[in-house]
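**Student:** Sequence plus predicted model, see below.
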Amino acid sequence: MRATPHGWPIAAALLLLLLVPAQVEAHIGGARPILQRAQGERIVDVQPGPMDVEVDLQLVRDTLRHLVTHRIDPPLSGFYVEYRKDASVADDRYWARWDFERLVEFRDLNVNGLLEPSDTVVRSWRFDHYDWRRSPVQPVQVADVRGFSAVWEGNLTGAPSMRVEVAFTGKDFTDEGAVVRPQDVILYLDVTNLPPRGIGSLYAMELRVHVPRHAALSLHQAENTSTALLADAPMRRALLVWGGEAFLDGSEQRVDATIEDEQVGAQGNRTARLVIHMPTVDRSMNFVMVSGVEYEIEIKRTPSPAALALLAAALALGARRRR
């Protein structure tokens, strides 16, 4: 006859099952491609530089774990995001940088609405050629949530006007359809005073993407439209989300995107060009974007009263069998 296990091994197994942390993906479906469950509010530590702004978003309950840092520097075209599981360990960082390189007017020769190598560039305006001015970081309220905001304004003779605003709150909120978590920043990019475009010309926005060599770049697609750029690595993801839409001449319209010229650079990092293609627009473009990271987290299991009762019953059964 097969022996019946004693209560103590059963109780020990139950205890391990109830108390061992569970490794989970910690993602749920949502308006964004992969929306990580929020871990709770974060402390917003703002460190303004001469023209850039760096923001550390620290977990309230543990400031040294799962640190997310953003650095915003439009004069250098750079929007940088970094994640560290342990804030004191630099080698474990996962990062991405989105550089807004230039706005392009091009003649769409094959009339497919996309900027391609065969198309003719009529003119372009590089972000790093603009004269940028930053206002002081100010307290702000976004969608009934208090946080901080910084604004840059860029001007260049004969070029469209540029305005960049970022907001960071350390809390969950939604603004203009963009879902923002405590570890994210929301970016508002306004391009106004577009010069008259030529017949048959369209506009496109070019960004240069920099990520670690082992990251895989892809575009998330929804309803045949690119809505986000993803940079994936094991248990890590950096993302830039625009929802597949922009306000063009004051009207919300779909915009598509492509990834081109992907390569590994001299420093070993992976780079690519992200092109956001605009339909017909004559006066202004307004983008709402979210920059962030996602990562695998541990969810600690706390025994429920029912589980504790089950454990006590197993212990009592083991005690009776030993008598």
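**Tutor:** Sure thing, it's come through. Computed from a predicted structure; not experimentally measured.

**Student:** Which parts of the stretch 1-150 of the chain are strands?
**Tutor:** Along the stretch 1-150 of the chain, counting by DSSP state E, counting those that start in this stretch, strands occupy 22-24, 27-28, 35-36, 42-48, 53-59, 65-73, 78-86, 94-107, 120-126, 131-134, 138-142, 145-155.

**Student:** so E262 makes contact with L219?
**Tutor:** No - between E262 and L219 there is no contact under C-beta atoms under 8 Å: 11.7 Å. Every C-beta, even on glycine, is put in place using the N, C-alpha and C of the backbone.

**Student:** Compare these two (neighbour count), which wins?
**Tutor:** Shown here are E262 and L219; by other C-beta atoms under 10 Å, L219 has more neighbours (17 against 12).

**Student:** gap between N269 and V68?
**Tutor:** In this view, N269 and V68 are 20 Å apart by C-beta to C-beta, to the nearest Å.

**Student:** The two - which one has more neighbours?
**Tutor:** V68 (25 against 16).

**Student:** what is that one paired to in the beta sheet?
**Tutor:** The residues paired with V68 through beta bridges, assigned by DSSP bridges, are L57, Y83.

**Student:** what's the closest non-adjacent residue to P48?
**Tutor:** V137 (5.3 Å; C-beta to C-beta, 6 or more residues apart in numbering).

**Student:** who's in contact with G78?
**Tutor:** D52, R71, I72, R97, W98, D99 (C-beta atoms under 8 Å, 6 or more residues apart in numbering).

**Student:** Now E176: phi and psi?
**Tutor:** Reported as degrees, to the nearest 10, the phi and psi values for E176 are phi 50, psi 40.

**Student:** Show the pLDDT at it.
**Tutor:** Per-residue confidence at E176 stands at 89 (pLDDT).

**Student:** and it, how many residues sit next to it?
**Tutor:** Using other C-beta under 10 Å, E176 has 14 other residues around it.

**Student:** give the contact list for R236.
**Tutor:** Y83, Y94, A215, V293, E294, Y295.

**Student:** What of A231?
**Tutor:** Shown in contact with A231 (C-beta under 8 Å, 6+ apart): A96, V209, V211, A215, A216, L217, R237, A238, L239.

**Student:** Adding secondary structure, distance to R133 and pLDDT, write those residues out as TSV.
**Tutor:** Formatted as TSV, those follow (DSSP: H, G, I helix; E, B strand; the rest coil; distance: C-beta to C-beta, whole Å; pLDDT from 0 to 100):
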residue	secondary structure	distance to R133	pLDDT
A96	strand	26	97
V209	strand	26	97
V211	strand	30	97
A215	coil	34	95
A216	strand	38	95
L217	strand	33	96
R237	strand	34	93
A238	strand	29	95
L239	strand	29	94
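
**Student:** closest to R123 among the residues you listed?
**Tutor:** Checking the contacts of A231 against R123 by C-beta to C-beta gives V209 as the nearest, at 23.6 Å.

**Student:** how far away is the closest one from V275?
**Tutor:** From V209 to V275 the distance is 11 Å (C-beta to C-beta).

**Student:** buried set for stretch 156-173?
**Tutor:** 159-160, 162-171, 173 (16 or more other C-beta atoms under 10 Å).

**Student:** ok, now stretch 121-135?
**Tutor:** Within stretch 121-135, the residues that qualify as buried by neighbour count (16+ other C-beta under 10 Å) are S124, W125, F127, Y130, W132, R134.

**Student:** Run through the residues that contact the fifth one.
**Tutor:** What that stands for is W132. Taking C-beta under 8 Å, 6+ apart, we find W132 in contact with M51, P74, P75, W152, E153, G154.

**Student:** what about burial for these, which qualify?
**Tutor:** When these are checked for burial by 16+ other C-beta under 10 Å, the buried set is P74, P75, W152, E153, G154.

**Student:** Which of those scores worst on pLDDT?
**Tutor:** Lowest pLDDT of the buried ones among the contacts of W132: P75, 88.

**Student:** Skipping adjacent residues, who's closest to that residue in space?
**Tutor:** Counting by C-beta to C-beta, 6+ apart, the residue nearest P75 is W132, at 4.3 Å.

**Student:** beta partners of that neighbour?
**Tutor:** Using DSSP bridges, the bridge partners assigned to W132 are G154.

**Student:** H210 now?
**Tutor:** The residues listed as beta-bridge partners of H210 by DSSP bridges are R97, T271.

**Student:** isn't it right next to A96, touching?
**Tutor:** Yes - here H210 reaches A96: they are 7.0 Å apart, a contact under C-beta under 8 Å.

**Student:** Comparing those two, which residue is more hemmed in?
**Tutor:** Neighbour comparison, H210 and A96: the larger count goes to A96, with 28 against 19 (by other C-beta under 10 Å).
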